[in-house]
Structure formats: C-alpha cells, structure tokens
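Novice: Sequence plus the predicted model coming up.
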Amino acid sequence: MSNVKRVAVLASGGGSNFENIVKKEADIGIEVVGLIVDKKDVFALERAEYLSVPSETVVRKDYPSKAAFEEKMIELIESWQAEYVVLAGFMAILSPEFIDRYERNILNIHPSLLPAFKGANGIRDAYEYGVKISGVTVHHVDSGIDTGEIIMQQAVPLSDTDTLESFEEKIHAAEYVLYPEAIKKVINMNKEH
Ligand code: GRF
C-alpha cells in the first residue's frame, strides 16, 4: 500500500505556498490532490492549471449559509480522498465543525512568530511595530484565529535597511522552507501514533 498522503490545499490569493508545496510533494511524501479557492479568478488557479492539480472555486456568497459553503468544500475534499487539509493563505474563518472533522490533520501557516501579530496583516504589523526579529509559524488549526498548537517556527531577522517589500520577501522565503518541513513532521508524527 502506498504511504503517500493525499493533501487538499485551500487558498485565497496568489498561491505561492501552494505551488511550493506541490513542487516538493515527493520529498514531503504527499500528493496534492486538489486546490480549493474561495475567491474568483485568483492567481492560485493559474498555478493549479500549469501544475496539473484539479482546482475548484467555492465562494461563500454563492451559498445560503456558512454551513452550506463548508459542506461544499468537504464534499470536494472527500471526492479527492484527501486525508490532510493544508491552509495556504486561506482567508476565510472555518467553523469548529469543519475543523473538528480534520482534527490534527488541518494545518495553517502564519507569517509572524505567533502569538505575536495574529490576523490578516502579520507581515505589515510586525514591520510597522519595528520589531527586529519576526518569522513564520506553522500550527494546527483550532477554532480561534491563529491560535492552534504550534508545530514549527522559523525566526526571520530584520535589518535596518529592510523595506516592507524586502522583509516580505524574506518571510516568504522562510515559508517555502518551513511549510514543507512542518507538513512532513506532522505526517511522520501521525505515523507513530
Ligand atoms: C502567506 O504569507 C501566508 O503566511 C499567509 O498568506 C500568505 C499567502 O501567500 N497566511 P501565497 O498565496 O501562498 O502566495
């Protein structure tokens, strides 16, 4: 039996983490079997196309309730037989019911050293605060915002010459190393249990 874990990625925007994970899937020991985006026409969809990953757009306002919106996503994840759900720049807040369904198998990446700078603008908020060290966190997802148990963190120092743009680049570079490592770590931990 194959040991390769089937992963669905959820994104809302550019999808650079999605692409990075797909490119490293052999090393991580996964297959990215589908991408769900909750916004129309985002660049992540183009990446899915050239990476030959099936993709679907599921927009909240097209559904009568949050439960129906999430039900559609669950249907897709099940149809792809994905065991893991990887959030990569996914901006919608998921309900406790959705999260409980995937328990320890739903992960998120946040561009700060949690618990500092939670929320949608972690990079900008840290930069504007003037911190000298920020970083990247991969965590399990719970029903709070950016509050789940931490899996791995990577510090990213700021130099006095960093602009917001150069700092963003450093953060993203750290994400592309950390997220694959953290996914691999969780999969290996789960194998031991
Ligand atoms: C990343 O910085 C991630 O940490 C945050 O959203 C951004 C997504 O970027 N949650 P991309 O869509 O993967 O390019």
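Specialist: Alright, I've got the coordinates. Residues are numbered from 1 along each chain as shown.

Novice: Do any residues in stretch 94-110 lie close to the ligand?
Specialist: Yes - between stretch 94-110 and the ligand, judged by Cβ under 6 Å from any ligand atom, the touching residues are 109, 110. Every C-beta, even on glycine, is put in place using the N, C-alpha and C of the backbone.

Novice: Work out for me the element residue 89 sits within.
Specialist: Counting by DSSP states H and E, there is no helix or strand that carries residue 89.

Novice: which residues of this structure fall in strands?
Specialist: Ranges of strands in the chain, per DSSP state E, are 5-11, 30-37, 55-57, 84-87, 106-110, 133-140, 150-157.

Novice: Could you check which residue of this structure lies nearest the ligand?
Specialist: residue 89 (2.6 Å; Cβ to the nearest ligand atom).

Novice: Now do that residue against residue 15, distance only.
Specialist: 7 Å (Cβ to Cβ, to the nearest Å).

Novice: Quick check: neighbours shared by those two?
Specialist: residue 44 (Cβ atoms under 8 Å, 6 or more residues apart in numbering).

Novice: Neighbour count for the two, which is higher?
Specialist: residue 15 (25 against 21; other Cβ atoms under 10 Å).

Novice: Got phi/psi on that one?
Specialist: Dihedral pair for residue 15: phi 80, psi 20, per degrees, to the nearest 10.

Novice: Up against the ligand, what does the protein have?
Specialist: Near the ligand, when you scan the chain using Cβ under 6 Å from any ligand atom, you find 11, 13-18, 88-89, 109-111, 175.

Novice: burial count for residue 132?
Specialist: Neighbours around residue 132, by other Cβ under 10 Å: 9.

Novice: returning to that earlier point: any chance of the residues of the chain next to the ligand in TSV, plus pLDDT?
Specialist: Below are the residues of the chain next to the ligand laid out as TSV (pLDDT from 0 to 100):
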residue	pLDDT
11	98
13	97
14	97
15	98
16	98
17	98
18	98
88	98
89	97
109	98
110	98
111	98
175	98
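
Novice: do you know how far residue 132 is from residue 76?
Specialist: 43 Å.

Novice: report the longest helix in this protein, please.
Specialist: helix 164-192 (DSSP state H).

Novice: Residue 170 against residue 154, yeah?
Specialist: No - using Cβ atoms under 8 Å, residue 170 makes no contact with residue 154, being 10.4 Å away.

Novice: What residues of stretch 62-74 count as buried?
Specialist: In terms of neighbour count (16 or more other Cβ atoms under 10 Å), stretch 62-74 has its buried residues at 69, 70, 72, 73.

Novice: Give me the nearest residue to residue 118, chain neighbours excluded.
Specialist: Excluding the flanking residues, the one nearest residue 118 by Cβ to Cβ, 6 or more residues apart in numbering is residue 146, at 4.1 Å.
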